[in-house]
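Visitor: Kindly generate the corresponding structure for this input.
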Amino acid sequence: MLGLSRTPGRAVSVTGDQQLVDRWPANRPRGAEEGTGVVTEGHTLAPIVPRSPLRYDESIMKRNIALATGSLLLFFLIAEISLRIAGYGNALRYQPDQAVLWRPVPNQNPRSRVSHSAMSINSHGMRGRETTMEKPEGVTRILTVGDSFNFGWEMPDHQTWPARLEKILHDRGAEVEVLNGGVIGYSISQAAAYLEADGPKFSPDLVVLSYCWNEGRHMYADSPPDVKKRVMRAVRIKNFLRRSACYIFFGELKGRRVFYARMKNKLVAPEYDDSRKTREGRIKKYKESLQGAVRFCRENDLPLVLLLTTTWDNVKTEDYTRFQRYFVEVSEEEGVPLIRTLDLFAGSERTEYFLFEGHPNEVYYEKEAERVAEFILAEGLID
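Guide: Take a look at the predicted model:
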């Protein structure tokens, strides 16, 4: 220990890390050299000793990194197990598809992300119980095609409107099988492509094509090859990530509007030709897709009905959106029967018929299924 005295002839103890030099560098007399004692104005200064540089201990650093990494992995392990127990570990998976961009992976029994409702995807990639591609004898088969409204987002199998439609018609004495060909995220272009790819295989006696409310995303089944490649790459990445309950909970639910949306836009980032970048170009493409579906059904002797579903924006405005009006316009131009549902829900509270993200609840689907059944029976569309 070295000493410093503020009183002549007396020293006090200070630590060896040179407190005086560190705290009061101005007190160091001119000409004072390291290792020498200096006396000034009756004060005795201890020898000035340079501070030793801190040593870099690699073993301590490695141990700290290992501890931090292990703690992080332990946290995610505990979180993964806890979230799986809570029902977040079995999300719906999709597979890339050249014709429609994506479709559900066959033979899976996932649970919905929010309500954890049980879902069934059969061997044909359709929502609902298993069925044969060949139509059963003596049974009238109805094929429904559309987006998440048709699929039944967050609903168990028996509460989707196609399942309810089948039950209503059964209760009224009809031998009917209703197939749910809805796929989450589809645009009318994808729904029309799905109908062309899969429709004739199931020999339906009636096709119900629902309005799709994903038109703002402008996802086209006939996108350029580079766009298709990016979309299908995103589908594969999403399937990989969806194996983790942590990703489902933190990425797609809690971080849906920030992380999930940005990731999706970055992975896909579609670039369309000039004809689709303008409003007029998108309207033209929309009509062409819908007219193509109508033409395909006529060429293949598939009776077609259009279903104009009601979105939660319609409830407040009590009017149709731009693309809904084009949906009606094509129906009138092509002479295709149209089922309207706006009058069932207009003017009511949104929470009465819709879930938190704008998708229908079980009450909505019940009323919609009843409207479709009434229309089908009144028009004599099935035997």
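
Visitor: domain parsing for this structure?
Guide: For the chain, the structural domains run 2-45, 60-89+224-271, 115-221+274-378, going by automatic domain parsing.

Visitor: May I see these organised as CSV, with mean neighbour count, mean pLDDT and distance to residue 98 added?
Guide: The way it works is simple: take the backbone N, C-alpha and C, and place the C-beta from them, glycine included. CSV is the format used below for those (neighbours: other CB atoms under 10 Å; pLDDT from 0 to 100; distance: least, CB to CB, whole Å):
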stretch, mean neighbour count, mean pLDDT, distance to residue 98
domain 2-45, 12, 47, 72
domain 60-89+224-271, 14, 83, 7
domain 115-221+274-378, 18, 92, 9
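
Visitor: Could you dump the ones you listed into CSV with distance to residue 107 added?
Guide: As requested, the domains of the chain are exported to CSV (distance: least, CB to CB, whole Å):
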stretch, distance to residue 107
domain 2-45, 71
domain 60-89+224-271, 15
domain 115-221+274-378, 5
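
Visitor: Point out the other helices and strands that the host helix or strand of residue 60 packs with.
Guide: Using DSSP states H and E, residue 60 sits within helix 58-85. If contacts are counted by 3 or more CB pairs under 8 Å, 6 or more residues apart in numbering; DSSP states H and E, helix 58-85 sits against helix 245-246.

Visitor: chain center to the helix it packs on: distance?
Guide: A distance of 14 Å separates the centroid of the chain from that of helix 245-246, by CA atoms, centre = their mean, to the nearest Å.

Visitor: what's that helix in contact with?
Guide: Helix 245-246 has contacts (CB atoms under 8 Å, 6 or more residues apart in numbering) with 76, 79, 80, 83, 84, 86, 88, 89.

Visitor: Pull the most distant pair out of these.
Guide: 76 and 86 (15.1 Å; CB to CB).

Visitor: thinking again about what came up before, any idea which helix or strand comes after the helix holding residue 60?
Guide: Assigned by DSSP H and E, the successor of helix 58-85 is strand 94-97.

Visitor: so what strands line up beside that following strand?
Guide: Here strand 94-97 is paired, per DSSP bridges, with strand 101-104 (antiparallel).

Visitor: Can you tell me the strand partners of the next helix or strand after the partner strand and which way each runs?
Guide: Next helix or strand after strand 101-104 toward the C-terminus (DSSP H and E): strand 140-146. Note on strand 140-146: by DSSP bridges, its sheet partners are strand 176-182 (parallel), strand 206-210 (parallel).

Visitor: Would you reformat those strands as TSV and include distance to residue 150?
Guide: As requested, the strands paired with strand 140-146 are arranged in TSV below (distance: least, CB to CB, whole Å):
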stretch	distance to residue 150
strand 176-182	3
strand 206-210	5
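
Visitor: And the residue nearest the centre of the chain?
Guide: Residue closest to the average C-alpha location in the chain (CA atoms, centre = their mean): residue 252, at 5.7 Å.

Visitor: ok, it touching residue 113?
Guide: Yes: Residue 252 is within contact range of residue 113, at 6.4 Å (criterion: CB atoms under 8 Å).

Visitor: shared neighbours of those two, anything?
Guide: Residues touching both residue 252 and residue 113 by CB under 8 Å, 6+ apart: residue 91.

Visitor: For the stretch 201-350 of the chain, just list every one of the helices.
Guide: Along the stretch 201-350 of the chain, the stretches classed as helices by DSSP state H, counting those that start in this stretch are 225-241, 245-246, 261-268, 274-277, 279-299, 312-317, 322-334, 342-345, 350-353.

Visitor: got a list of what residue 161 touches?
Guide: Listed by CB under 8 Å, 6+ apart, the contact set of residue 161 reads 144, 150, 152, 360, 365, 366, 368, 369, 372.

Visitor: right, I mislabeled it, should have said residue 365
Guide: 152, 155, 159, 160, 161, 164.

Visitor: Tell me who's in contact with the third one.
Guide: Think residue 159. Contact criterion CB under 8 Å, 6+ apart gives 152, 362, 365 as the residues in contact with residue 159.

Visitor: Would you mind measuring from the last one to residue 234?
Guide: Pointing back at residue 365 there. Per CB to CB, to the nearest Å, residue 365 is found 29 Å from residue 234.

Visitor: same thing with the second one?
Guide: Summarising the geometry, the distance separating residue 362 from residue 234, computed by CB to CB, is 31 Å.

Visitor: Identify the residues contacting the closest residue to residue 290 other than its chain neighbours.
Guide: The shortest distance from residue 290 to any non-neighbouring residue, by CB to CB, 6 or more residues apart in numbering, is to residue 330 (4.7 Å). By CB under 8 Å, 6+ apart, residue 330 lies in contact with 287, 290, 291, 294, 306, 336.

Visitor: Look up how far residue 366 lies from the fourth one.
Guide: Distance, residue 294 to residue 366, using CB to CB: 29 Å.

Visitor: for the second one, same thing?
Guide: Distance of residue 290 to residue 366, computed by CB to CB: 27 Å.

Visitor: ok so, going back, can I get the contacts of residue 159 in JSON lines with secondary structure and distance to residue 200?
Guide: Formatted as JSON lines, the contacts of residue 159 follow (DSSP: H, G, I helix; E, B strand; the rest coil; distance: CB to CB, whole Å):
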{"residue": "152", "secondary structure": "coil", "distance to residue 200": "24"}
{"residue": "362", "secondary structure": "helix", "distance to residue 200": "32"}
{"residue": "365", "secondary structure": "helix", "distance to residue 200": "27"}
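
Visitor: Now the closest residue to residue 296 other than its chain neighbours: which helix or strand?
Guide: Distance criterion CB to CB, 6+ apart; nearest residue to residue 296, sequence neighbours excluded, is residue 196 at 5.2 Å. Taking DSSP H and E as the criterion, residue 196 maps to helix 188-198.

Visitor: mind putting the helices of the stretch 201-350 of the chain in JSON lines, distance to residue 119 included?
Guide: Listed next are these as JSON lines, based on distance: least, CB to CB, whole Å:
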{"stretch": "helix 225-241", "distance to residue 119": "16"}
{"stretch": "helix 245-246", "distance to residue 119": "17"}
{"stretch": "helix 261-268", "distance to residue 119": "22"}
{"stretch": "helix 274-277", "distance to residue 119": "33"}
{"stretch": "helix 279-299", "distance to residue 119": "26"}
{"stretch": "helix 312-317", "distance to residue 119": "22"}
{"stretch": "helix 322-334", "distance to residue 119": "27"}
{"stretch": "helix 342-345", "distance to residue 119": "25"}
{"stretch": "helix 350-353", "distance to residue 119": "21"}
